[in-house]
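**Student:** Here's my sequence, what's the structure:
(one chain, ligands or ions: 3)
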Amino acid sequence: MADFRKIECPVCSDTGWVRVETDKGFVARRCACVLAKRDAAVLDRTRIPARYRDCTLDNFAPKNDSLKDALKISKKFIAKFPEADVGLLFIGPCGVGKTHLASAILSEIVRTKGSSGLFYDFRDLIRDIQNTFSPDSDLSESDILTPVFECGLLALDELGAKRSSTWVEETIFYIINRRYNERKLTIFTSNYPDTSDDEDDRVPMFKKSAAFGGPKKTDETLVDRIGIRLRSRIYEMCKVVDITGEDFRKTIKQASYRF
Ligand SMILES: Nc1ncnc2c1ncn2[C@@H]1O[C@H](COP(=O)(O)OP(=O)(O)OP(=O)(O)O)[C@@H](O)[C@H]1O
Ligand SMILES: [Mg+2]
Ligand SMILES: [Zn+2]
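**Tutor:** Residues are numbered from 1 along each chain as shown. Ligands and ions are numbered 1, 2, ... in the order given. The predicted structure is shown next:
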């Protein structure tokens, strides 16, 4: 009986192979569709949210010097990986592209360096761990933590987005410390400004910056949110990349929506 399945790849008719002429005659090569599927499967495992799946460094438009620097540092990080000494901490106000950059780095590294990678929103990680404590949970704490400990590159988004408790601080410290001891690299993003040592400890840097778009309506700093011990460890294991600028969602995306 005829097979009416729809052929997905007209190049290889879904065989996965194409005949390529070389100077030694015809050879069989993997079709690009196989590589694309492999990339998609690899990206699925990273858990990068759908909205950020297509984020790359090539489609990141650096509109000011801090964004240019952030882009340059991101490229260097990828080039050096896995030999980079430290991870990255992107700090800046809403919509400046922190999650875009973290996702783009993670996705390029898993696709081109053969490393495993995992994206986690800080709040989701805490919630997923807490959910395992429920008697009807099918997952154990180590089901959640093992990939977080073991992946080659972890992107932990929105650090400090959930108010700390001693348990949260201890748990995140444990995760981060273990990755640090194993020389595994981590990228963090945070909305919460750092404080500089030589200035008033409580004044957020964003507020001092003329380029700050200003959407963060709190004076809380990263250390207020995650505690001094965790912040100190993160500073030891990451290069801080301060980003300033306008909210891309508001200035560029809104302007492009047509109805
Ligand atoms: N420089 C840029 N070039 C291209 N797209 C950008 C740029 N900056 C941001 N975007 C896009 O704008 C949206 C918001 O960026 P993103 O989510 O990375 O911001 P964020 O700094 O993580 O914000 P938040 O603090 O609210 O999490 C995303 O869709 C992202 O792809
Ligand atoms: Mg973000
Ligand atoms: Zn094909």
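**Student:** Sort out which residues of stretch 91-109 are buried, please.
**Tutor:** By 16 or more other C-beta atoms under 10 Å, the buried positions in stretch 91-109 come out as 91-93, 95-109. Every C-beta, even on glycine, is put in place using the N, C-alpha and C of the backbone.
**Student:** Quick check: strands, which of the residues you listed are part of them?
**Tutor:** Residues of the buried residues of stretch 91-109 located in strands (DSSP state E): I91.
**Student:** so which strand or helix has the closest residue to A102 other than its chain neighbours?
**Tutor:** The shortest distance from A102 to any non-neighbouring residue, by C-beta to C-beta, 6 or more residues apart in numbering, is to A155 (4.4 Å). Using DSSP states H and E, A155 sits within strand 153-157.
**Student:** who does that strand touch, helix- and strand-wise?
**Tutor:** Other elements packing on strand 153-157 under the criterion 3 or more C-beta pairs under 8 Å, 6 or more residues apart in numbering; DSSP states H and E are helix 98-112, strand 117-121, helix 122-131, strand 185-190.
**Student:** Worst mean pLDDT among these?
**Tutor:** Lowest mean pLDDT of these: helix 122-131, a mean of 94.
**Student:** Other residues contacting it?
**Tutor:** 137, 139, 141, 144-145, 148, 156-162, 168, 171-172 (C-beta atoms under 8 Å, 6 or more residues apart in numbering).
**Student:** Whichever residue of the stretch 51-200 of the chain sits closest to ligand 2: what's it in contact with?
**Tutor:** In the stretch 51-200 of the chain, the residue found nearest to ligand 2 is T99; the distance is 3.2 Å by C-beta to the ion. By C-beta under 8 Å, 6+ apart, the residues touching T99 are 52, 55, 157-158, 189.
**Student:** Now flag whichever of the residues you listed is closest to ligand 3.
**Tutor:** C55 (25.6 Å).
**Student:** gap between the closest one and R179?
**Tutor:** 23 Å (C-beta to C-beta, to the nearest Å).
**Student:** ok, the residue sitting nearest the centre point of the chain - contacts?
**Tutor:** Centroid-nearest residue in the chain, with C-alpha atoms, centre = their mean: A102, separated by 3.2 Å. Applying C-beta under 8 Å, 6+ apart to A102 gives the contacts 88, 90, 119, 155, 157, 187, 189.
**Student:** Need the nearest residue in space to the first one, chain neighbours excluded.
**Tutor:** Across the structure, with C-beta to C-beta, 6+ apart as the measure, the residue nearest L88 apart from its sequence neighbours is I187 (4.8 Å).
**Student:** List the contacts of the one you found.
**Tutor:** Going by C-beta under 8 Å, 6+ apart, I187 touches 77, 87-90, 102, 105-106, 153-156, 238.
**Student:** Return a PyMOL selection command for the buried portion of those.
**Tutor:** To isolate the buried members of those in PyMOL, using 16+ other C-beta under 10 Å:
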select buried, resi 77+87+88+89+90+102+105+106+153+154+155+156+238
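**Student:** what would the contacts of I187 look like in CSV with distance to ligand 3?
**Tutor:** Converted to CSV, the contacts of I187 look like this (distance: C-beta to the ion, whole Å):
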residue, distance to ligand 3
F77, 33
G87, 37
L88, 36
L89, 41
F90, 37
A102, 31
I105, 29
L106, 26
L153, 29
L154, 33
A155, 31
L156, 36
C238, 41
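**Student:** which of the contacts of I187 are close to ligand 1?
**Tutor:** The subset of the contacts of I187 within reach of ligand 1, by C-beta under 6 Å from any ligand atom, is empty.
**Student:** Against F248, how distant is the residue of the chain found nearest ligand 1?
**Tutor:** Relative to ligand 1, the nearest point of the chain is G97 (2.9 Å; C-beta to the nearest ligand atom). As judged by C-beta to C-beta, G97 and F248 stand 6 Å apart.
**Student:** cool, A79 as well?
**Tutor:** Separation of A79 from F248 (C-beta to C-beta) stands at 25 Å.
**Student:** how about the strands in the chain?
**Tutor:** Counting by DSSP E, residue ranges of the strands within the chain are 17-22, 25-30, 87-91, 117-121, 153-157, 185-190, 238-242.
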